[in-house]
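In: Sequence unavailable; structure follows:
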């Protein structure tokens, strides 16, 4: 599983989101759309406010991580989506990969991961 810290902002006007549990797709680029679960102590997310959260990308394992790793940057901006509908933006940072086949964590985004 890939994990990261994030600053998220929902940009759909007059729309609030319940925080427990909240899963959205994060668009890392063409063909790289992954579901992430937003983990935080917030009860609700309000329009156009920024929240510090953690994101667990439970669908990013082994082959998916191999495809995603080359585009990861230490800090990167992505969109949050539900299908093709843009819900907002996220600035992701401090990536940690915990692979199924390897019990050790891999921090950062260096090519040697």
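Out: Nice, I can see it. Since the model is a prediction, treat every value here as computed from it, not as a measurement. Numbers count the residues shown, from 1 in each chain.

In: So residue 77 is in contact with residue 90, correct?
Out: Yes. In this structure, residue 77 is within contact of residue 90 by CB atoms under 8 Å, at 7.3 Å. (Glycine included, C-beta is placed from N, CA and C.)

In: who has more neighbours, the two?
Out: residue 90 (26 against 10; other CB atoms under 10 Å).

In: starting at the chain centroid, how far to the helix or strand containing that one?
Out: Element membership for residue 90 (DSSP states H and E) is strand 85-98. In terms of CA atoms, centre = their mean, to the nearest Å, the centre of strand 85-98 is found 3 Å from the chain centre.

In: who are the neighbours in contact with the residue of the chain most remote from its centre?
Out: Most distant from the centre of the chain: residue 14, at 23.1 Å, with distances by CA atoms, centre = their mean. By CB atoms under 8 Å, 6 or more residues apart in numbering, the contact set of residue 14 is residue 47.

In: returning to what we had before: parallel or antiparallel, list what pairs with the strand holding residue 90.
Out: If you go by DSSP bridges, strand 85-98 pairs up with strand 2-10 (antiparallel), strand 75-82 (antiparallel), strand 105-107 (antiparallel).
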